[in-house]
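K.L.:
Let me see the structure of the following:
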Amino acid sequence: MKYTELIIGFAPSLVPLVLNGSKTLTYRLGDKWGFLKIGDIISAKDSEVDKLFAELEIVNIERVTFGDLSNNSKGHEVYETDKEKRMVFSKYYTRTIKNDESVLILEFKVLSK
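P.N.:
Residues are numbered from 1 along each chain as shown. Sure thing, here's the model as predicted:
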């Protein structure tokens, strides 16, 4: 299904990685995006300037706990340590992140720029 009204945000530093195809995974805490299914199409925006930059198709979905989330998944930025991963998530979500929290892993491909 195409969700033209659904917009998923990316940090400005990640926008070029999405556009050049090196970033194909995004990790999201909680259930906000839990309704998405493989084949769904959503818009992507640069969160800092609030500008749309691509349409993405969801090609795979997984769920893990934060504690089980890999630090080195192909298609995602690498975290050198668990501590670094936790710090990055805490910055994005502005709160403490617990190991038992659910993480949605969305794999996507860029359909249009």
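K.L.:
so what strands line up beside the helix or strand of the chain with the lowest mean pLDDT?
P.N.:
The weakest-scoring helix or strand in the chain, judged by mean pLDDT, DSSP states H and E, is strand 2-10 (a mean of 84). When sheet partners are counted by DSSP bridges, strand 2-10 sits next to strand 41-46 (parallel).
K.L.:
Contacts for the partner strand, please.
P.N.:
Strand 41-46 is contacted by residues 1-4, 6-10, 12, 15, 18, 36, 51-58, 111 when judged by C-beta atoms under 8 Å, 6 or more residues apart in numbering. In short, each C-beta sits where N, CA and C put it, glycine included.
K.L.:
What of stretch 95-104?
P.N.:
Residues from elsewhere that reach stretch 95-104 (C-beta under 8 Å, 6+ apart): 27-31, 33-34, 61-67, 69, 86, 89-90.
K.L.:
Following element in sequence after the least confident helix or strand of the chain, please.
P.N.:
For strand 2-10, the following helix or strand on the C-terminal side (DSSP states H and E) is helix 15-19.
K.L.:
one step back: give me the buried subset of the contacts of strand 41-46.
P.N.:
8, 10, 15, 18, 36, 53-58 (16 or more other C-beta atoms under 10 Å).
K.L.:
in what helix or strand does residue 23 lie?
P.N.:
Counting by DSSP H and E, residue 23 is part of no helix or strand.
K.L.:
Now do the same for residue 65: its pLDDT.
P.N.:
At residue 65, the model reports a pLDDT of 97.
K.L.:
re earlier: nearest to residue 75 among the buried ones among the contacts of strand 41-46?
P.N.:
Lowest distance from residue 75 to the buried ones among the contacts of strand 41-46 (C-beta to C-beta) belongs to residue 18, with 10.2 Å.
K.L.:
Pull out the buried positions in stretch 69-76.
P.N.:
For stretch 69-76, the neighbour count (16+ other C-beta under 10 Å) marks 69, 73, 76 as buried.
K.L.:
could I get those residues as TSV with secondary structure, pLDDT and distance to residue 94?
P.N.:
Below are the buried residues of stretch 69-76 laid out as TSV (DSSP: H, G, I helix; E, B strand; the rest coil; pLDDT from 0 to 100; distance: C-beta to C-beta, whole Å):
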residue	secondary structure	pLDDT	distance to residue 94
69	coil	97	19
73	coil	95	24
76	coil	96	21
